[in-house]
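Peer 1: Got a sequence here, can you build the structure:
(2 chains)
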Amino acid sequence: MSSSGIRKQRKKDSIGKAAAKRPKADTSAMKAIDELERALRESEQRFRVVTEAMPVMVWMAGTDKLCTYFNKSWLDFVGRTLEQERGNGWAENMHPDDFERCLQIYVSSFDARQPFEMHYRLRHHSGEFRWILDHGVPRYAPDGTFEGYVGGCLDIHEQKEAAEKIKTAFLTSQRLAAIVESSNDAIASKDLNGIVTSWNPAAERIFGYTAEEMIGRSIRKVIPPELQDDEERILATIARGERIEHFETVRLTKTGKRIDVSLTVSPVKDETGRIVGAAKIARDITEQKKAEHALRTSERLASVGRLAATVAHEINNPLEAVTNLLYLAKERTDRHDVRKFLVEAEEELDRVSHVTKQTLGFYRDTKNPSAVRVGALLNQLIAVFGPRSRNKGIEICPEILENPEIYAVAGEVRQVIANLLSNSIDAVQTGGRIRIRVWGGRAHHDQPLFGARITIADSGRGIPAEVRQRLFEPFFTTKEDVGTGLGLWVCKSIVDKHHGSIRVKSSTEPGRSWTVFSVFLPSIQAQAPEEALKQAV
Amino acid sequence: MKSENVENVTYGSTELRRTFILVVDDEKRIADTLALILESKGYVSEAAYDAVTALEVCRARTPNLLISDVVMPGMNGIELGIAIRRDFPSCKVLLFSGQAATAEMLEHASADGHHFELLAKPVHPVDLLEKVEQLLGAGDIGTVPARAS
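Peer 2: So this is what the prediction gives:
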């Protein structure tokens, strides 16, 4: 039976019509019938009074499956009249997605005279579809004649939504649990006292403690003695509702081995938004650290090598001259000639000792940060790189506008400038220019941080955008024969370590190309940077 | 027409030391002292401080030997060596350098078919003279025939 079929019959039907169709009989029988009718009307009256007063929505249908009655509750809910709802009019307010399914339940239950229960969305008078639980049962006359169905409906929208939420939450938590279980990173949770409340398989693998051994115990078990303060800081941060991201530190495994980890800790809140603990993700970066260390060492060696080559040239040339001069001096007998050659030899030796002094100063490095003036470093570097640039016919123009003092590892800052300068010398053609400017200023953003700014600008070919993106990646080089691909990567890691920043701008426009590297190194107060640098190392 | 060192041809093998050697180095003192040393050993020698001047000298009088530094502003020693071999095939070429990086430059040149002998600075004059003798003795410098241009 289709819904339109139901609707067509709707108007024909009414309780009154059924009574009117009954045939007439003799008077006594009539009386009995009248009596019965009265009783029936009375019972119906009572039924209506009761149903009208009920908060439950009630409907009734005749044997033809068409609805004949809806109580006040129903009519109030849908905001329609009984006339509109009768027959199949009520079905117009059912959600279209629920209609076919419910019709099937209704018709098949009806035909089998079976009670039924169905959930569907019914349009509330506000326009909103709300979930309804509809429970229908067949009704029979006292003589057992089937008279149709009566049903009661409840608005279960809130319950249904809550159940949906619970289901979604359950699925989400199942999914999360699966992710946590299969993660390669250690994931643990702890309360605000640092007591572990969960410990995933990766945590078991990385730290060597089983979940059983850790849950209910303090997380401090995996923190080395000298870093116990870490935990105080982490807990304080979490208690403020802040997140800790990629905090690189050291942890202890069950066997006492130290591992480098990167921690991300987030506050965990309860349903009221109160912070009740922390979720901690620890990534084992021991191998990564080793690799980085090896890379830095190799770059340091490579840069020493490059420097040695530059210096060798500066020493070998005067030595060649000295050797020749001494040879000539030995050969000559004229005192005047001999003297001239020896004086020249002496001058050449002075050149050698000048270079040596500079070079030794260059690599006599302490690892400790100290007060550094960038201008002074720059002058030394220009003395070293000067001959190389002159050989190429390149002009280096230093401009020390200001000479701010920063707190840094001098050798490392020197390496940053040396690498950038060396790159510029490689990039610039004969006749080109490199301008180096040093001044005091603020960080690239409008941060309140004050420090030294160094820009190295050259008139080289420029760096194409696609190369620029990968510039600071280790092993990325465009100088296949001579580049290690580590220079800029080292620059960046040194600058990062000093909490500074490094940027590059470039144009490859033919004839007007240029590249500018801009470095900012903050001049932190003498106390703070030591802490910062220690943490960073 | 390119000029040849006619003087040598006339004097014959006994006058080998009249051989003309051109020394090129952007370090003037090196070029000058080497030229003096070579002169003191009886060679005819001239110093040039860059490759372009060196080529001009060659055009005026073809040397029997070119001794050149490698890393110089403008045209480098390898480029000069290649140009001289092309234009003045009778001239031997000897390079000397104080920079490790020149090894790479030489490898590149070698890959292109230009092989050069390289001495590392500082080279002692005694060793250099020995090398010069050896190079010049290898070819019959004293009797270099006049070339058709």
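
Peer 1: Name the nearest residue to whatever residue of chain B ends up closest to chain A, ignoring sequence neighbours.
Peer 2: Closest approach between chain B and chain A, counting by Cβ to the nearest Cβ: B:G98, at 2.9 Å. Heads up, the C-betas are built off the backbone N, CA and C, glycines and all. The shortest distance from B:G98 to any non-neighbouring residue, by Cβ to Cβ, 6 or more residues apart in numbering or on different chains, is to A:N316 (2.9 Å).

Peer 1: how about the residues of the stretch 201-350 of chain A near chain B?
Peer 2: A:308-309, A:312-313, A:315-317, A:319-325, A:327-328, A:331, A:344, A:348 (Cβ under 8 Å from any Cβ of the partner chain).

Peer 1: how about a cut-off of 6 Å?
Peer 2: A:309, A:313, A:316-317, A:319-321, A:323-325, A:327-328, A:331 (Cβ under 6 Å from any Cβ of the partner chain).

Peer 1: Quick one, which of those residues are buried?
Peer 2: A:309, A:313, A:316-317, A:319-321, A:323-325, A:327-328 (16 or more other Cβ atoms under 10 Å in any protein chain shown).

Peer 1: and the residues you listed as TSV, adding secondary structure and pLDDT?
Peer 2: Output for those, formatted as TSV (DSSP: H, G, I helix; E, B strand; the rest coil; pLDDT from 0 to 100):
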residue	secondary structure	pLDDT
A:A309	helix	67
A:H313	helix	71
A:N316	helix	86
A:N317	helix	86
A:L319	helix	90
A:E320	helix	92
A:A321	helix	92
A:T323	helix	93
A:N324	helix	93
A:L325	helix	94
A:Y327	helix	93
A:L328	helix	93
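
Peer 1: Include distance to A:C397 when you put the residues you listed into a markdown table, please.
Peer 2: Listed next are these as a markdown table, based on distance: Cβ to Cβ, whole Å:
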| residue | distance to A:C397 |
| --- | --- |
| A:A309 | 24 |
| A:H313 | 22 |
| A:N316 | 28 |
| A:N317 | 25 |
| A:L319 | 30 |
| A:E320 | 30 |
| A:A321 | 29 |
| A:T323 | 35 |
| A:N324 | 34 |
| A:L325 | 34 |
| A:Y327 | 40 |
| A:L328 | 39 |
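
Peer 1: and those, which two are the farthest apart?
Peer 2: A:A309 and A:L328 (28.9 Å; Cβ to Cβ).

Peer 1: about what we covered before: B:A120 is in contact with the residue nearest to B:G98, correct?
Peer 2: No. Between A:N316 and B:A120 there is no contact under Cβ atoms under 6 Å: 7.5 Å.

Peer 1: Name the nearest residue to the residue of the stretch 1-150 of chain A found nearest chain B, sequence neighbours excluded.
Peer 2: Using Cβ to the nearest Cβ, the closest approach of the stretch 1-150 of chain A to chain B is made by A:D97 at 75.7 Å. Of all residues not flanking A:D97 in the chain, A:R121 sits nearest, at 7.7 Å (Cβ to Cβ, 6+ apart).

Peer 1: likewise A:G375?
Peer 2: A:N403 (3.7 Å).

Peer 1: And the pLDDT for that neighbour?
Peer 2: On the pLDDT scale, A:N403 is placed at 85.

Peer 1: again with A:E117
Peer 2: 95.

Peer 1: Following element in sequence after the host helix or strand of it, please.
Peer 2: Secondary structure from DSSP states H and E places A:E117 in strand A:116-123. Sequence order places strand A:129-140 as the next helix or strand after strand A:116-123, per DSSP H and E.

Peer 1: Next SSE downstream of that next one?
Peer 2: Past strand A:129-140, the next helix or strand by DSSP H and E is strand A:146-155.

Peer 1: how far off strand A:116-123 does the very next helix or strand once past that next one point, in degrees?
Peer 2: Heading C-terminal from strand A:146-155, the first helix or strand you meet, by DSSP H and E, is helix A:157-182. For helix A:157-182 against strand A:116-123, the angle by axes from the mean of the first three to the mean of the last three Cα atoms, to 10 degrees is 100 degrees.

Peer 1: pLDDT of helix A:157-182, averaged?
Peer 2: 88.

Peer 1: what's the helix or strand following it in contact with?
Peer 2: Using DSSP H and E, the next helix or strand after helix A:157-182 towards the C-terminus is strand A:186-191. If you take Cβ atoms under 6 Å, 6 or more residues apart in numbering or on different chains as the criterion, strand A:186-191 is touched by A:180, A:196-200, A:202-203, A:206, A:219, A:277-282.

Peer 1: Mind doing that once more with 8 Å?
Peer 2: A:180, A:196-200, A:202-203, A:205-207, A:214, A:219, A:261, A:268, A:276-284 (Cβ atoms under 8 Å, 6 or more residues apart in numbering or on different chains).

Peer 1: From these, list the buried ones, please.
Peer 2: The neighbour-count criterion (16+ other Cβ under 10 Å) marks A:180, A:196-200, A:202-203, A:206-207, A:214, A:219, A:261, A:268, A:277-284 among those as buried.

Peer 1: For the residue in the stretch 101-250 of chain A that chain B sits nearest to, pull up the helix or strand it's in.
Peer 2: Residue nearest to chain B within the stretch 101-250 of chain A (Cβ to the nearest Cβ): A:E248, separated by 37.9 Å. Assessed by DSSP H and E, A:E248 sits inside strand A:244-252.

Peer 1: what's the angle between that strand and strand A:186-191?
Peer 2: Taking the same axes, to 10 degrees, one finds strand A:244-252 and strand A:186-191 inclined to each other by 100 degrees.

Peer 1: Buried residues in strand A:244-252, which are they?
Peer 2: Buried-residue list, strand A:244-252, by 16+ other Cβ under 10 Å: A:244, A:247, A:249, A:251-252.
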